[in-house]
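1. Based on what follows, work out the 3D shape:
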Amino acid sequence: MIIGYARVSTEDQHLDAQTSALEGAGAKRIFAEKISGTKKVRPELTRMIDQLRNNDVVVVTKYDRLSRSLQDLLGIVDTIRAKGAGFRSLAEDIDTTTPAGRLVFHVFASIAQFERERISERTKEGLAAARKRGRIGGRPPALSPERRAEVVRMRDTEGRGIAELARLFQVSPNTIRRA
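-> Residues are numbered from 1 along each chain as shown. Below is the predicted model:
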């Protein structure tokens, strides 16, 4: 039996396109949920895997609907295989019911993981280069050094309250406390 799995990450996203594609691929039963792919516990995915039988095929529209990380994806596909079932991804044209399909799946998954790691490395390199040029990331301070000194002076010498200073300088009370 062909079994579909559809997932979106947020409540405002819709499953309609995925379920239509899965029905078009011949899915007799579709398990669908609205939950992040990074979550370890996904109730519908667990229910689907528990109900798999020998010769079933799990179909997804894209492999990232099943998992966001390579290790998790490989683990889920191994669990599916251990149940005697296959895995198929429509967008990437991957079908693990054949030896060639299993090879393509592992190569494709490895390339995706490599690309994620390269993006992370490039981001870190860019941040380090910016720091060397004197650029500091993040939000600019709410209070300049002069205004910070004024807050401290007004608090210590005039005895003004935190809430009053926050209103006066138009910042949060926590900003005043940190000053």
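
2. so what pLDDT did the residue nearest the centre of the chain get?
-> Centroid-nearest residue in the chain, with CA atoms, centre = their mean: residue 38, separated by 5.4 Å. Looking at residue 38, its pLDDT is 75.

3. What is the burial count for the closest residue to it other than its chain neighbours?
-> Using CB to CB, 6 or more residues apart in numbering and skipping residues adjacent in sequence, the residue nearest residue 38 is residue 68, 5.1 Å away. Yep, even glycine has a C-beta here, placed from its N, CA and C like the rest. By other CB atoms under 10 Å, the residues close to residue 68 number 15.

4. what's the answer for the one 10 residues further on, then?
-> Residue 78 sits with 11 neighbouring residues when counted by other CB under 10 Å.

5. Quick check on residue 169: phi, psi?
-> Torsion angles at residue 169 (phi, psi; degrees, to the nearest 10) stand at phi -90, psi 0.

6. Would you check how far apart it and residue 175 are?
-> 8 Å (CB to CB, to the nearest Å).

7. which one's the longest helix in the chain?
-> If you go by DSSP state H, the chain has its longest helix at helix 99-132.

8. which other residues reach whichever helix or strand comes after that one?
-> Next along the chain after helix 99-132, taking DSSP states H and E as the criterion, comes helix 145-157. Applying CB atoms under 8 Å, 6 or more residues apart in numbering, the contact partners of helix 145-157 are 141, 143, 160, 162, 165, 168, 169, 176, 179.

9. Could I get those in a markdown table, plus columns for neighbour count?
-> Supplementary listing: the contacts of helix 145-157 in a markdown table, determined by neighbours: other CB atoms under 10 Å:
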| residue | neighbour count |
| --- | --- |
| 141 | 13 |
| 143 | 16 |
| 160 | 15 |
| 162 | 16 |
| 165 | 21 |
| 168 | 13 |
| 169 | 18 |
| 176 | 25 |
| 179 | 19 |
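
10. Show the contacting residues for residue 169.
-> Contacts of residue 169 by CB under 8 Å, 6+ apart are 143, 147, 151, 175, 176.
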